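**Student:** how would this look folded up:
(one chain, ligands or ions: 1)
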Amino acid sequence: MAKAYDHLFKLLLIGDSGMGKTCLIICFAEDSFNNTYISTIGINFKICTVDVGRKKIKLQVWDTAGQEGFKTITTVYYHGVMGIILVYDITDEKSFENIQNWMKSIKENASAGVERLLLGNKCDMEAKRKVQKEQVIKLAREHGIRFFETSAKSSTNVDEAFSSLAWDILLKTRAAEQGLAEEVDWSSGSGFILAIPIPSLLTRDERA
Ligand SMILES: Nc1nc2c(ncn2[C@@H]2O[C@H](COP(=O)(O)OP(=O)(O)OP(=O)(O)O)[C@@H](O)[C@H]2O)c(=O)[nH]1
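**Tutor:** Prediction:
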(Lines give C-alpha, C1' and ligand atoms only; values in the text may rest on other atoms or scores of the structure.)
Protein backbone atom coordinates (compact mmCIF):
# COMPACT_ATOMS: atom_id res chain seq x y z
CA MET A 1 0.00 0.00 0.00
CA ALA A 2 1.33 3.48 -0.89
CA LYS A 3 2.41 5.68 2.00
CA ALA A 4 -0.17 8.35 2.83
CA TYR A 5 2.57 10.92 3.49
CA ASP A 6 5.99 11.94 2.13
CA HIS A 7 7.73 12.74 5.40
CA LEU A 8 7.23 12.14 9.11
CA PHE A 9 8.47 14.98 11.32
CA LYS A 10 8.58 14.73 15.10
CA LEU A 11 7.95 17.99 16.93
CA LEU A 12 7.97 18.94 20.61
CA LEU A 13 6.33 21.83 22.48
CA ILE A 14 8.04 23.23 25.58
CA GLY A 15 7.50 26.25 27.85
CA ASP A 16 6.25 27.12 31.32
CA SER A 17 3.05 25.65 32.67
CA GLY A 18 -0.19 27.29 31.52
CA MET A 19 1.23 29.00 28.41
CA GLY A 20 -1.25 27.23 26.09
CA LYS A 21 0.91 24.45 24.63
CA THR A 22 -1.90 21.87 24.74
CA CYS A 23 -4.40 24.41 23.39
CA LEU A 24 -2.10 25.26 20.46
CA ILE A 25 -1.87 21.60 19.45
CA ILE A 26 -5.62 21.12 19.79
CA CYS A 27 -6.28 24.31 17.80
CA PHE A 28 -3.98 23.06 15.03
CA ALA A 29 -5.06 19.41 14.98
CA GLU A 30 -8.75 19.71 15.80
CA ASP A 31 -9.64 23.36 15.19
CA SER A 32 -11.15 23.75 18.66
CA PHE A 33 -10.46 25.61 21.93
CA ASN A 34 -11.33 24.96 25.57
CA ASN A 35 -11.12 27.57 28.37
CA THR A 36 -10.76 24.90 31.06
CA TYR A 37 -7.19 24.40 32.21
CA ILE A 38 -6.15 20.78 32.70
CA SER A 39 -2.41 20.67 33.28
CA THR A 40 -0.56 18.06 31.20
CA ILE A 41 0.78 15.12 33.19
CA GLY A 42 4.19 14.16 31.83
CA ILE A 43 3.85 13.96 28.08
CA ASN A 44 1.21 13.42 25.39
CA PHE A 45 1.14 13.46 21.61
CA LYS A 46 -1.11 14.15 18.63
CA ILE A 47 -0.76 13.30 14.97
CA CYS A 48 -1.81 15.60 12.17
CA THR A 49 -0.99 16.16 8.52
CA VAL A 50 0.04 19.33 6.76
CA ASP A 51 0.85 20.09 3.10
CA VAL A 52 3.95 22.18 2.46
CA GLY A 53 5.91 22.60 -0.78
CA ARG A 54 3.64 20.02 -2.51
CA LYS A 55 4.66 17.42 0.08
CA LYS A 56 2.35 15.74 2.57
CA ILE A 57 3.98 15.94 5.97
CA LYS A 58 2.80 13.84 8.87
CA LEU A 59 3.50 15.65 12.14
CA GLN A 60 3.86 13.74 15.38
CA VAL A 61 3.55 16.54 17.92
CA TRP A 62 4.67 15.85 21.49
CA ASP A 63 3.14 18.03 24.21
CA THR A 64 5.21 18.31 27.39
CA ALA A 65 4.11 19.28 30.89
CA GLY A 66 5.52 22.71 31.79
CA GLN A 67 5.59 21.97 35.51
CA GLU A 68 9.11 21.80 36.95
CA GLY A 69 8.47 18.37 38.51
CA PHE A 70 8.18 16.71 35.09
CA LYS A 71 11.46 18.07 33.65
CA THR A 72 13.39 14.83 34.09
CA ILE A 73 10.77 12.92 32.11
CA THR A 74 10.16 15.52 29.43
CA THR A 75 13.82 16.24 28.59
CA VAL A 76 14.19 12.58 27.57
CA TYR A 77 11.85 13.37 24.65
CA TYR A 78 14.06 16.19 23.29
CA HIS A 79 16.35 13.65 21.73
CA GLY A 80 15.33 12.61 18.22
CA VAL A 81 12.79 15.38 17.57
CA MET A 82 13.38 17.49 14.47
CA GLY A 83 11.64 20.63 15.65
CA ILE A 84 11.03 22.26 19.03
CA ILE A 85 8.40 24.95 19.63
CA LEU A 86 9.11 27.22 22.60
CA VAL A 87 5.99 28.87 24.00
CA TYR A 88 5.62 31.87 26.32
CA ASP A 89 2.55 33.95 27.18
CA ILE A 90 2.54 37.60 26.01
CA THR A 91 0.73 38.58 29.24
CA ASP A 92 3.38 36.96 31.47
CA GLU A 93 6.82 38.62 31.62
CA LYS A 94 8.34 35.79 33.65
CA SER A 95 7.39 33.21 31.02
CA PHE A 96 9.35 35.21 28.43
CA GLU A 97 12.38 35.55 30.74
CA ASN A 98 12.30 31.77 31.16
CA ILE A 99 12.67 31.27 27.38
CA GLN A 100 16.44 31.65 27.92
CA ASN A 101 16.34 28.65 30.30
CA TRP A 102 14.29 26.62 27.81
CA MET A 103 16.86 27.48 25.09
CA LYS A 104 19.60 26.22 27.40
CA SER A 105 17.64 23.04 27.99
CA ILE A 106 17.43 22.49 24.20
CA LYS A 107 21.20 22.95 23.90
CA GLU A 108 21.80 20.40 26.63
CA ASN A 109 19.25 17.78 25.58
CA ALA A 110 18.34 18.03 21.88
CA SER A 111 20.24 17.16 18.69
CA ALA A 112 22.48 19.98 17.40
CA GLY A 113 20.54 20.41 14.13
CA VAL A 114 17.09 20.71 15.70
CA GLU A 115 14.86 23.47 14.25
CA ARG A 116 13.43 25.88 16.80
CA LEU A 117 10.38 28.15 16.68
CA LEU A 118 9.40 30.78 19.25
CA LEU A 119 5.70 31.47 19.93
CA GLY A 120 4.23 34.28 22.03
CA ASN A 121 0.79 32.83 22.74
CA LYS A 122 -2.48 34.44 23.98
CA CYS A 123 -2.09 37.42 21.64
CA ASP A 124 -5.89 37.81 21.80
CA MET A 125 -5.29 39.42 25.23
CA GLU A 126 -3.66 42.60 23.89
CA ALA A 127 -4.95 44.73 26.80
CA LYS A 128 -2.97 42.60 29.25
CA ARG A 129 0.24 42.50 27.19
CA LYS A 130 3.46 42.56 29.25
CA VAL A 131 5.95 41.35 26.64
CA GLN A 132 6.69 43.80 23.80
CA LYS A 133 7.29 42.43 20.31
CA GLU A 134 10.53 44.43 19.89
CA GLN A 135 12.28 42.67 22.78
CA VAL A 136 11.21 39.27 21.40
CA ILE A 137 12.40 40.08 17.88
CA LYS A 138 15.79 41.05 19.35
CA LEU A 139 16.04 37.70 21.17
CA ALA A 140 14.83 35.79 18.11
CA ARG A 141 17.51 37.49 15.97
CA GLU A 142 20.23 36.71 18.50
CA HIS A 143 19.28 33.04 18.42
CA GLY A 144 18.50 32.88 14.65
CA ILE A 145 15.02 31.57 15.37
CA ARG A 146 11.67 32.28 13.70
CA PHE A 147 9.01 33.99 15.85
CA PHE A 148 5.19 34.31 15.71
CA GLU A 149 2.62 35.73 18.08
CA THR A 150 -0.28 33.28 18.24
CA SER A 151 -3.64 32.73 19.84
CA ALA A 152 -5.08 29.27 20.28
CA LYS A 153 -8.32 30.98 21.31
CA SER A 154 -8.80 33.02 18.12
CA SER A 155 -6.76 30.64 15.88
CA THR A 156 -4.35 33.45 15.05
CA ASN A 157 -1.14 32.33 13.30
CA VAL A 158 -1.44 28.75 14.62
CA ASP A 159 -1.57 26.99 11.23
CA GLU A 160 1.11 29.38 9.95
CA ALA A 161 3.43 28.57 12.87
CA PHE A 162 3.23 24.78 12.54
CA SER A 163 3.46 24.96 8.74
CA SER A 164 6.49 27.23 8.84
CA LEU A 165 8.31 24.85 11.17
CA ALA A 166 7.44 21.92 8.89
CA TRP A 167 8.72 23.95 5.95
CA ASP A 168 12.03 24.77 7.68
CA ILE A 169 12.56 21.09 8.53
CA LEU A 170 11.68 20.09 4.97
CA LEU A 171 14.32 22.49 3.62
CA LYS A 172 16.94 21.04 5.92
CA THR A 173 15.96 17.50 4.97
CA ARG A 174 16.21 18.34 1.27
CA ALA A 175 19.56 20.06 1.74
CA ALA A 176 20.86 16.97 3.52
CA GLU A 177 19.51 14.65 0.78
CA GLN A 178 21.21 16.73 -1.90
CA GLY A 179 24.47 16.83 -0.01
CA LEU A 180 24.13 20.55 0.61
CA ALA A 181 24.12 20.21 4.35
CA GLU A 182 27.42 22.02 4.65
CA GLU A 183 25.79 25.14 3.24
CA VAL A 184 23.21 25.10 6.02
CA ASP A 185 24.08 26.08 9.56
CA TRP A 186 22.58 23.06 11.34
CA SER A 187 23.32 24.47 14.75
CA SER A 188 21.04 27.49 14.33
CA GLY A 189 17.40 28.06 13.52
CA SER A 190 16.90 28.56 9.80
CA GLY A 191 14.42 31.44 10.08
CA PHE A 192 17.02 34.04 9.19
CA ILE A 193 19.45 31.76 7.39
CA LEU A 194 17.28 30.23 4.69
CA ALA A 195 15.16 33.25 3.88
CA ILE A 196 12.94 31.40 1.41
CA PRO A 197 9.21 32.25 1.46
CA ILE A 198 6.82 29.47 2.36
CA PRO A 199 5.06 28.58 -0.93
CA SER A 200 1.87 26.95 0.22
CA LEU A 201 0.37 27.50 3.61
CA LEU A 202 -2.85 25.63 3.06
CA THR A 203 -5.99 26.27 5.04
CA ARG A 204 -7.48 23.53 7.18
CA ASP A 205 -10.22 22.91 4.56
CA GLU A 206 -7.62 22.46 1.86
CA ARG A 207 -5.71 20.04 4.09
CA ALA A 208 -8.76 17.91 4.90
N1 LIG B 1 -6.92 33.86 26.14
C2 LIG B 1 -6.26 32.77 25.82
N3 LIG B 1 -6.18 31.72 26.67
C4 LIG B 1 -5.49 30.62 26.29
C5 LIG B 1 -4.84 30.53 25.03
N6 LIG B 1 -4.22 29.32 24.96
C7 LIG B 1 -4.48 28.70 26.12
N8 LIG B 1 -5.24 29.48 26.94
C9 LIG B 1 -5.71 29.13 28.29
O10 LIG B 1 -4.56 28.96 29.11
C11 LIG B 1 -4.75 27.90 30.03
C12 LIG B 1 -3.61 26.90 29.92
O13 LIG B 1 -3.63 26.27 28.65
P14 LIG B 1 -2.89 24.88 28.35
O15 LIG B 1 -2.91 24.66 26.89
O16 LIG B 1 -3.43 23.79 29.20
O17 LIG B 1 -1.40 25.23 28.87
P18 LIG B 1 -0.10 24.32 28.85
O19 LIG B 1 1.03 25.19 28.43
O20 LIG B 1 -0.33 23.09 28.04
O21 LIG B 1 0.07 23.94 30.40
P22 LIG B 1 0.82 22.66 31.08
O23 LIG B 1 0.14 21.44 30.56
O24 LIG B 1 0.61 22.86 32.56
O25 LIG B 1 2.27 22.75 30.71
C26 LIG B 1 -6.13 27.31 29.73
O27 LIG B 1 -7.08 27.85 30.65
C28 LIG B 1 -6.43 27.78 28.32
O29 LIG B 1 -7.82 27.92 28.07
C30 LIG B 1 -4.94 31.64 24.13
O31 LIG B 1 -4.41 31.68 23.01
N32 LIG B 1 -5.66 32.73 24.59
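**Student:** tell me which element the most centrally placed residue in the chain is part of?
**Tutor:** When C-alpha atoms, centre = their mean is applied to the chain, the residue found nearest the centroid is residue 85 (2.7 Å). Residue 85 is part of strand 83-89, with elements assigned from DSSP states H and E.
**Student:** Pull the distance from that strand to the chain's centre.
**Tutor:** Distance of strand 83-89 from its chain centroid, counting by C-alpha atoms, centre = their mean, to the nearest Å, is 5 Å.
**Student:** For whichever helix or strand comes after that strand, give the mean pLDDT please.
**Tutor:** The C-terminal neighbour of strand 83-89 among helices and strands, as given by DSSP H and E, is helix 93-97. Mean pLDDT, helix 93-97: 98.
**Student:** Report the buried residues of helix 93-97.
**Tutor:** Using 16 or more other C-beta atoms under 10 Å as the test for burial, helix 93-97 gives 95-96. Quick note: C-beta positions are derived from backbone N, CA and C, even for glycine.
**Student:** How about that helix and the ligand, touching?
**Tutor:** No: Helix 93-97 stays clear of the ligand (C-beta under 6 Å from any ligand atom), getting no nearer than 9.4 Å.
**Student:** immediately after that helix, which helix or strand?
**Tutor:** Under the assignment DSSP H and E, the closest C-terminal helix or strand after helix 93-97 is helix 99-109.
**Student:** angle of that next one against strand 83-89?
**Tutor:** Relative orientation of helix 99-109 versus strand 83-89 (axes from the mean of the first three to the mean of the last three C-alpha atoms, to 10 degrees): 160 degrees.
**Student:** re the thing from before, buried set for the strand holding residue 85?
**Tutor:** Neighbour counts over strand 83-89 (16+ other C-beta under 10 Å) mark 83-89 as buried.
**Student:** who's in contact with the residue nearest to the centre of the chain?
**Tutor:** Taking C-beta atoms under 8 Å, 6 or more residues apart in numbering, we find residue 85 in contact with 11-14, 21, 24, 116-119, 161, 165.
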